[in-house]
Every structure is written in C-alpha cells, then in structure tokens.
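Chemist: Quick check, what structure comes out for this input:
(chains A and B)
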2 protein chains.
Amino acid sequence: MLIQDLYRKIFTTWFDEYQNETRYGIKGKLIITEQSNYQKITIIETKKYGKALLLDNCWMTTEKEEKSYHESLVHPALSTAKEIRKVLIIGGGDGGAVRECLLYNEVKHLDLVEIDNRVIELCQEYLPGLGGIAWEDPRLNIKIKDGVKWVMEAKDQSYDVIIVDGSDPKGPALGLFNKEFFQNCHRILKTGGVFATQSESPKTFLNIHLEMLKIIRQIFKYAEPLYGNVPIYPSGYWSWIFATKDKPRYLEPIPQRTEGIKTEFNIWSINWQRHAFKAMPAYLEKLINK
Amino acid sequence: MLIQDLYRKIFTTWFDEYQNETRYGIKGKLIITEQSNYQKITIIETKKYGKALLLDNCWMTTEKEEKSYHESLVHPALSTAKEIRKVLIIGGGDGGAVRECLLYNEVKHLDLVEIDNRVIELCQEYLPGLGGIAWEDPRLNIKIKDGVKWVMEAKDQSYDVIIVDGSDPKGPALGLFNKEFFQNCHRILKTGGVFATQSESPKTFLNIHLEMLKIIRQIFKYAEPLYGNVPIYPSGYWSWIFATKDKPRYLEPIPQRTEGIKTEFNIWSINWQRHAFKAMPAYLEKLINK
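Modeler: You can find the predicted model right below:
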C-alpha cells in the first residue's frame, strides 16, 4: 500500500474529482482502493453522503446521494415502455439501477451486463444498500461481459427496455458512446420499447452530450434529453437521453405502471417527468432543436 | 498584504468554497482581496469562468457563468408582472440583475439598494461586463443603503417588481431572510406586482429554503419556488421564490413583454418558465405541498 493511501485510511482528507480547472471534493476516509483489470476503484467513508464510490478518481455514486441519478435514468423508461418484461442494463455495477428496475413487478427478466466484476463485488461488500434486496432477486442475471459485445450478439427485438449506465467516455466505457453501439441497441430493442442512457453533463461535457444526442437521433425515430441535478457530478448538472422506435413514449408515463410500487420516490413523479423533459434552458433548446 | 495572498497573486492556486464536508474549487489567480465594512471581498482571474467574485469565501458570480442565476431570478418576475415601470433590487451589487432588468424598455425606474459600496466599485472595475451599459443607464438609481431599512421606509404599493439578490443568511444578508422583511416587501409591492428572491440550495441549504418558502407563503397570497442549476453554488442546485398578491402571475409569461428584447437568453424562454415551475422533484413536492 502506498504511504499516501495509508494516510488517507487513518485521517479524514479531501477526495476530489478534477475536471477542466474545477474540482468537487468530499471529506472522507479511504476504505479501499485497487486497480482492477479496467480501472481504479476507490471506496471511501464520508460523513456527508455515507460511503462513496470513485472510478478513476471520478465520483460515481454515494449511499445518500444516488437517487437523483438512478431514478432519472430508470423511471422515464420503465414507466413508459409498452411492455417491461425483459430489461437490459449495461454497466450499473453499483446496483442502483438494478434496484430501481426491480421495483416493477412487470419486469420478469433483467440482464445486468457489467464488464468489471470488481465493481459489483466491492459495491456488494461496501455499499450493499444500493442494490439492496435486488441483488438476491431471482429475476436478476448478472453477466460479467463487455456490454459492447453483448449488444452486438443479442437477438433482434429481444429487450423491452435498454439502460446504459456507464461512466465517462474513456477507459472501459468508451465503446458505449459510438454509433455502432447505439445501432445495436436500436436493433435489439422491441418496437414498443424504450432506450435510456446517461448522457454526461450539458455544461462540463456539453460537446459529448450534443454528439451523443445527434448520433442517437440519427438511429432512433424519437430521442430527447432530460436534465437534472446530481450534486456529485461535474457542474451538478447532468443529462439522460431516452429514445424510441414508434412514438415518443418517454414523455407520457403510464399511470397504472407505478401504482403498485411501495417505495417513495425521491425525484420521479408523473408530474416531474411530464414537465422535466420540457423545462429546457434556452441555450440547450437552441443547440438541440435548431 | 499577507504572504499567502502574495503567493496567490503570482501562482495559480485553488480557490474553494467549503460547505458541510464538501468543497467546490476553481483554479485561479488572486486579483484583489479586501475586508470591507461588511464582508471579505475577493476577486480572482480564472481560465474556466473568467473573473470571479467571492464574498466571505463563497462563490457569488463569475463573468462566464452568471446567467443561469441572474436570468432565473429576474425574468420570471419581469415577464409576468402586470406593469414593470418601477423596479427595486436589494443587493445585486455585481450588476447582473440590473442588466437583466434594464433589457425591458417598459422599466422606467430601477432602484438598486446595495449595502456595500465596495462590491459595486470592485465589480465595476474588475467585472464590468456584468452590469455592462446598464451601469450608465439613466433609469438606474444606486442607493448605498441597508435594504432592510429601505423596504421599511418605502411607501405602500410603490414598486411593480421587487428582486432580492442577496448572499447567504449570515453577515450583511441576514436581515433579508426574516418575516418582517418579507412583510415590508409585501406592503410596498403593487397589487399586480411580482416579488422575487433567491432562496438558497434545495439540497445543501434545504431547511433555509423550506423556511423561506413557509414564511413567504404566510405573507403573500401566492408563492412558488423555481429550481435550476448554478454550477458554482453548493450542490449545483439552486432555487428562487416568486410571490404575488392577486394571482400566480409568475407561472405565465406575457408574450409581448419580451418581444422587443434583442439579447439572446441563456436560460429563460417562455417554454422554460412554464415547465420549470412544474418540474419539481418528488422530495421537494412532498416537503412543500404536503
């Protein structure tokens, strides 16, 4: 172990993500840090947000501030797809998206395709609440595989919902941002299905966000971004893109769909979803719908 | 001058705002720092956002990232009040809110009541673009006065729009957060007018935000919060409260009102305003409308 890491295990220090002349830091103590086959995985204990996960020194998720991201990614898709029997998550090794998907009784089969088994193992050990009972759910099938290859090999129209929950476009997540990947997602999505992906910060990573939307719009008949606050991500402003083949379903939740869900939502509501897609700041409206 | 400040003038270092076990930093070089009669004023040069202003070590505004805050504070009020002949801004010494208000030809008289003349002087010198030509506008009347006293002494129904653009509730801005202050704002606002105030972060300062809304709702007939992203503020998630006496005007912009404005808006649009008030995350909806 590095001397520096030993120090960070004993004393509370700042852990920062650095992006383009800015940094966002949370005070904490190091629990574990290791280099997996794909990335540097770090877990720390913080007073502010409970345990927190960093990949390659970027904030991924925390125990107490993760719903703003996971609910925004999952529910606009799950509440609107024609059917939601078979769901695919690419990435998402922390378990948060899995948990949100399995709230729906209508989901019968969920494939979680995560490239890095160590992310799953370490999150199950140190942030078990993120997946919670979903980790034991018989509907969940964990595949330690490359998501890019998975969608390449999957059958046409085999999923009702596809959710891409990857990290930034470098390292293991790089392949989740190109045209061929989205084309395969389109091919394996059922006609009444919904495709969802995190799509980076519309401030800090504006160009990546716009490029993703452009490509996805070339492939899917309908695609629209959704914007919201995730305090631990660069600029605090994040985006998700939803896409469909038949009609812009993601705009209008099916009311019965969520009726059986007992969990209290933190972000999502029918009302929120209806208006959040439309509350687009002028600078994005101009760039996107010109 | 302190040795530390000399160092920060010569070398690029991190300037951070610390809040509750988190920090947000921007790299820059110190231009000037001084203790005024009311607060510590610091101006730095950054590559990311141009020049930036901190008050008591908290980020206030920057040249390149200020519209997200100022447009959200000003236009939902100015675009909806019955008339906008006479406008009052409390605080706002950087000039950003002044500039946005004076975009409207219908504004005939604007009182800027700022307690700290040094904020105005330093912003005019180092961040002149924030106020821009508005600083020379004959409609502008700068009063170096305590805003709390100003609203206490102002006549009943004397303003069409009142905008409170203060810092966090400590130091010179403390008086801008209590019941008596809001009661006076109510008293001096015309019946068809709109009252607007920044209302802190609905994440980092949730309790302050909720308390403000509660008090304002006790005094005004209608009051609603608006949420949006301001990257340089704690959590990146900020709020503004709008209140009226006769009907919830702030929900529906008057289309003709903004037609003559040549400036391209960064955040505000009629569509944005209509939906942004309604795109309320579930946790806030529960806390606010229960």
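Chemist: switch to C-alpha atoms for all contacts and neighbour counts from now on
Modeler: Fine.
Chemist: Run through the strands of the stretch 101-250 of chain A in chain order.
Modeler: In the stretch 101-250 of chain A, the strands defined using DSSP state E, counting those that start in this stretch lie at A:109-114, A:140-144, A:159-165, A:189-198, A:222-229, A:237-244.
Chemist: which other helices and strands contact the last one?
Modeler: Okay, so that is strand A:237-244. Here strand A:237-244 touches helix A:67-78, strand A:189-198, helix A:206-219, strand A:222-229, going by 3 or more C-alpha pairs under 8 Å, 6 or more residues apart in numbering or on different chains; DSSP states H and E.
Chemist: Can you lay out those as CSV showing mean pLDDT, distance to chain B and mean neighbour count?
Modeler: Compiled in CSV, the helices and strands packed on strand A:237-244 are given as follows (pLDDT from 0 to 100; distance: least, C-alpha to the nearest C-alpha, whole Å; neighbours: other C-alpha atoms under 10 Å in any protein chain shown):
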stretch, mean pLDDT, distance to chain B, mean neighbour count
helix A:67-78, 98, 9, 26
strand A:189-198, 98, 18, 26
helix A:206-219, 96, 13, 18
strand A:222-229, 98, 6, 22
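Chemist: Next, format these as TSV and append distance to A:E114.
Modeler: Output for those, formatted as TSV (distance: least, C-alpha to C-alpha, whole Å):
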stretch	distance to A:E114
helix A:67-78	16
strand A:189-198	15
helix A:206-219	21
strand A:222-229	24
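Chemist: what's the average pLDDT for the longest strand anywhere in chain A?
Modeler: Counting residues, the longest strand in chain A under DSSP state E turns out to be strand A:22-35. The average pLDDT for strand A:22-35 rounds to 98.
Chemist: What average pLDDT does the helix or strand just after that strand get?
Modeler: Once strand A:22-35 ends, the next helix or strand along the chain (criterion: DSSP states H and E) is strand A:40-46. Mean per-residue pLDDT for strand A:40-46: 98.
Chemist: quick one, domains of chain A?
Modeler: A:3-60, A:67-288 (automatic domain parsing).
Chemist: What parts of chain A come near chain B?
Modeler: A:20-27, A:47-48, A:228-232, A:235-237, A:265-269, A:271-276, A:278-283 (C-alpha under 8 Å from any C-alpha of the partner chain).
Chemist: run the last query once more with 6 Å
Modeler: Within chain A, the positions adjacent to chain B are A:21-27, A:231, A:235-236, A:266-269, A:272, A:275-276, A:279-283 by C-alpha under 6 Å from any C-alpha of the partner chain.
Chemist: Closest to the centroid, which residue in chain A?
Modeler: A:D165 (3.1 Å; C-alpha atoms, centre = their mean).
Chemist: close enough to count as contact, that residue and A:G92?
Modeler: Yes - judged on C-alpha atoms under 6 Å, A:D165 makes contact with A:G92 at a distance of 5.0 Å.
Chemist: circling back to that earlier point, let me know which of the domains of chain A is tucked in deepest.
Modeler: Among those, ranked by average contacts under mean count of other C-alpha atoms under 10 Å in any protein chain shown, first place goes to domain A:67-288 (a mean of 20).
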